[in-house]
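Chemist: Task: produce atomic coordinates for the following.
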Amino acid sequence: MIERIGVVLGLAATAVSVGLLAFSAPARADGAGWFLGGMVTSKVLSNAERRTQAQEAQAYRPAPQPVQQAPARPAVSSKETRLQDLDRLAAGGYITPQEYRERRKAVLEAN
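Modeler: Below you'll find the predicted structure:
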């Protein structure tokens, strides 16, 4: 907040100096100096306000959370795990009872 006040005060000083330059320049009948001074001041203040808003938004933005990965499944599973997988396949109807018996026998006979 103090940083923002400093920026605003700095910009106000710039605006005053631009206005003084416009005032000290030779007077023109059409008032172009005042118009240009006002345009510059408006642009400077607008840019400062946008920059301040962007800094505040970045300060309050939550930090990105690390992506959680599922634990890797071992390439070679134990007999118990393979038998559980077979039980799920059979219970879900994905393999026939004959296939279940054959695969179960192969798992139990494997080293």
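
Chemist: So residue 64: helix, strand or coil?
Modeler: Of the three states, residue 64 takes coil under DSSP: H, G, I helix; E, B strand; the rest coil.

Chemist: Could you tell me how many residues sit around it?
Modeler: When neighbours are counted by other Cβ atoms under 10 Å, residue 64 registers 6. For glycine as for every other residue, the C-beta is placed from the backbone atoms N, C-alpha and C.

Chemist: which residues of this protein fall in strands?
Modeler: For the chain, no strands are identified by DSSP state E.

Chemist: lowest confidence element among the helices and strands of it?
Modeler: helix 2-24 (a mean of 55; mean pLDDT, DSSP states H and E).

Chemist: What mean pLDDT does stretch 53-73 get?
Modeler: Along stretch 53-73, the predicted local confidence has a mean pLDDT of 75.

Chemist: Using the record's assignment, carve the chain into domains.
Modeler: Domain assignment for the chain, taken from automatic domain parsing, gives 2-60, 79-109.

Chemist: What residues sit buried inside the shortest one?
Modeler: By neighbour count with 16 or more other Cβ atoms under 10 Å, domain 79-109 contains the buried residues 82, 86, 90, 95, 100, 103, 107.

Chemist: residues making contact with stretch 89-98?
Modeler: 86, 100, 103 (Cβ atoms under 8 Å, 6 or more residues apart in numbering).

Chemist: isn't the last one right up against residue 86?
Modeler: Looking back up the chat, that one is residue 103. Yes: using Cβ atoms under 8 Å, residue 103 makes contact with residue 86 at a distance of 5.5 Å.

Chemist: Please enumerate the helices of this protein.
Modeler: Listed in chain order, the helices of the chain (DSSP state H) span 2-24, 32-60, 79-91, 97-109.

Chemist: That'll do, ta.
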